[in-house]
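Q: here's a sequence, model it:
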Amino acid sequence: MSCGITPVWSSSAWSSERSSFRSRGASFSPCCADVVEPAAPSTDAAASAVVTQNDGAGISAQVARAGAGGLAGRSLLLLANLGATPFTIRLLGPSAYGLWALIQAIFIWANLAEGGMWAATTKFGAERYAVGDAVGEVKVVWSGLCFVLVTTSSAGLALALGAHFLLGALNVRGNLLVTGTWALRIMCASFVVSALAGTVNTAQQVRLRWRQYTLLNTGANLLGAVGVPLAIYVFADGVVTAAAVGLVCASLYLVGLCWDAARVQPALRSPRIDRQTLRQLLSYGGALTIANLAGVPLHTGERFFLSANASTTAVAYYSVAITIATTLQVLPEQLGFPLIPALSRLAAQGKWEEHRALYGKSLTGIFLVVTPAAIVLALLSRPFLTIWAGPTYGVRSTELLLIALGGVWASAVAWVPAAYMLSAGKTKALAWLQGAELVPYLGAAWLLTDKWGAVGAAAVWSGRLILDSVALSIIVRKSSCLPVLPLSARRVRSVMAPVFFGLASLGVAVLSESLLVRSAVAAGLLSVYAAVVWSLVLTPLERRGLANLLTEMLGPRLPLAWLRKPRVR
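A: Next up is the predicted model:
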């Protein structure tokens, strides 16, 4: 179970997804976006035919299908985690669960060793695939794998040797220090395996083959979600057992990805490591790693300060709140990851109108869906936490969750501009942004956790996400002609619909504390909200576009023709 949130450009974000992911000449971009120059095409006619066939199906529909499949898998995994985590919390207890959260946070730092290869191989692999360069795609994957194996193995070994000292410095004492040391060492092996999986899955990612990818990812994570509390109950040993289950699941996932990648791209069975390709990957991934170097303490610093200034028990209450708040990320993360190869492919082919349209539709769609979801999550938070994690968590974690939701919402909307930045190779801008935030954030995190404990940690964490999302939108606006506001063409209505939904939800919260009552009313309000958005917020052109997209996604078998008809006034 994740103990925090990171944006789409962070290697740790992709890690949680995979373990819970010379030119022919310049092209002119009418969108003012930086040119992405594709690699020279291969003479492999079969590869070119595959690319043409896939693009003919419509890149928007491919992304939507990928997002829908990923969302289904993540939703299933979320339900499994919601059912299994209360058992894990009770079996471990607050102190051991806080230790488990700390260990996971440590590996957000360790993911820096991956060198940004998860994004580099996806971007350059997608460009090679877009022009039918099968040999170039193989070079991208194997060169990235070679780098990841060397760097993550070295980092994992160093972390395993220093595990006892590191946990002691984080105020872990007694028996927790002994068990935590062994758990951390086992997790080092899982870390290497998961990093390799993030590069092996390139073949599936660039083809937007999210069905196979989702089946493998969801299956491995489901096994972990159910297996952790079950194994702790049967074998005891707390966090050591949980780490062992994680290693088994990560290994099975990697084996499945290797098999599917070889089936999708048979040329991967013959390793090809190319120095020029490796230099290209390192140039892109190096800037991304610098951004992550500043980004990791931005995403986890308050957790370590909270442990030092308070206790691991406070970290447990805080981690539960952040974990529930970040369930809001399920939709944007499932759309954000397919967007990276999709936008890269469109740019490589010079399809700038489709590029802009895909970006705009994704931004508006996420806003219209995530905003009411955040309001419902706030409405259900206290009664849900009381039943799910226990009365103590209901009292201690609810306030933290509500504070965190503002930042999570802003970060959710920012997944689309972040995906564009990665697809366009603008990793240096991300590095500058993260670096500028680092010192002010760490200073504020130390002061606020020292004075207000977990409330201070939640406030500084949420505030930084909001500022980061605003800054990211400004960067995208200044470097391209892409839209910034995540609103429909009817902008006032796009804002007022969530506002009225929020006011109605606030009234329900005042009138009833019952989870059942709040859930029932929330379901009714969501139905009304969906009808209002369809009939009053979306324009006739937007409704027809959405209906066409659904038809393309689901096929002509479903009677969706009525959706494309203009509304009679």
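
Q: helix or strand: which one has Leu149?
A: Using DSSP states H and E, Leu149 falls within helix 134-161.

Q: average pLDDT across that helix?
A: What helix 134-161 shows for mean pLDDT is 93.

Q: also stretch 509-529?
A: Stretch 509-529 shows a mean pLDDT of 92.

Q: next: stretch 196-212.
A: Rounded mean pLDDT across stretch 196-212 is 85.

Q: what helices and strands are in contact with the helix holding Leu149?
A: Applying 3 or more C-beta pairs under 8 Å, 6 or more residues apart in numbering; DSSP states H and E, one finds that helix 134-161 contacts helix 59-110, helix 117-130, helix 175-200, helix 202-206, helix 275-309. Backbone N, C-alpha and C define where each C-beta goes, glycine included.

Q: assign the residue lying closest to Tyr359 once chain neighbours are set aside to helix, strand or coil.
A: In this structure, Tyr359 finds its nearest non-sequential neighbour in Leu482, 5.3 Å apart by C-beta to C-beta, 6 or more residues apart in numbering. For Leu482, the assignment made with DSSP: H, G, I helix; E, B strand; the rest coil gives coil.

Q: can you report how many residues lie near Leu482?
A: Leu482 has 20 neighbours, counted by other C-beta atoms under 10 Å.

Q: what do you get for Gly350?
A: The local packing of Gly350 (other C-beta under 10 Å) involves 16 other residues.

Q: quick one: distance of the helix holding Leu149 to the chain centre.
A: Computed by C-alpha atoms, centre = their mean, to the nearest Å, the separation of helix 134-161 from the middle of its chain amounts to 21 Å.

Q: stretch 166-177 too?
A: That offset, for stretch 166-177, works out to 30 Å (C-alpha atoms, centre = their mean).

Q: rounded mean pLDDT for that stretch, please.
A: Mean predicted confidence for stretch 166-177 is 84.

Q: so which bits of it are buried?
A: Using 16 or more other C-beta atoms under 10 Å as the test for burial, stretch 166-177 gives 166-167, 170-172, 176-177.

Q: which of these sits closest to Val416?
A: Leu170 (35.5 Å; C-beta to C-beta).

Q: find the nearest non-adjacent residue to that closest one, please.
A: Leaving aside its sequence neighbours, Leu170 sits nearest to Ser307 (C-beta to C-beta, 6+ apart; 5.6 Å).

Q: ditto for Leu536
A: Arg493 (5.7 Å).

Q: any idea which element that neighbour lies in?
A: Going by DSSP H and E, Arg493 is in helix 491-511.

Q: and that helix, what does it pack onto?
A: With contacts defined as 3+ C-beta pairs under 8 Å, 6+ apart, the secondary structure elements packing on helix 491-511 are helix 352-388, helix 515-532.

Q: residues making contact with the last one?
A: By that I understand helix 515-532. When contacts are defined by C-beta atoms under 8 Å, 6 or more residues apart in numbering, helix 515-532 is touched by residues 372, 376, 379-380, 383-384, 387, 497-498, 501, 504-505, 508-509, 512.

Q: in the host helix or strand of Ala244, what's buried?
A: When elements are assigned from DSSP H and E, Ala244 belongs to helix 238-264. Within helix 238-264, the residues scored as buried using 16+ other C-beta under 10 Å are 238-254, 256-257, 260-261.

Q: what's the spacing between that helix and its chain's center?
A: Centroid displacement of helix 238-264 relative to its chain, using C-alpha atoms, centre = their mean, is 19 Å.

Q: over to stretch 261-280?
A: From the chain centre to the centre of stretch 261-280 is a distance of 26 Å (C-alpha atoms, centre = their mean).
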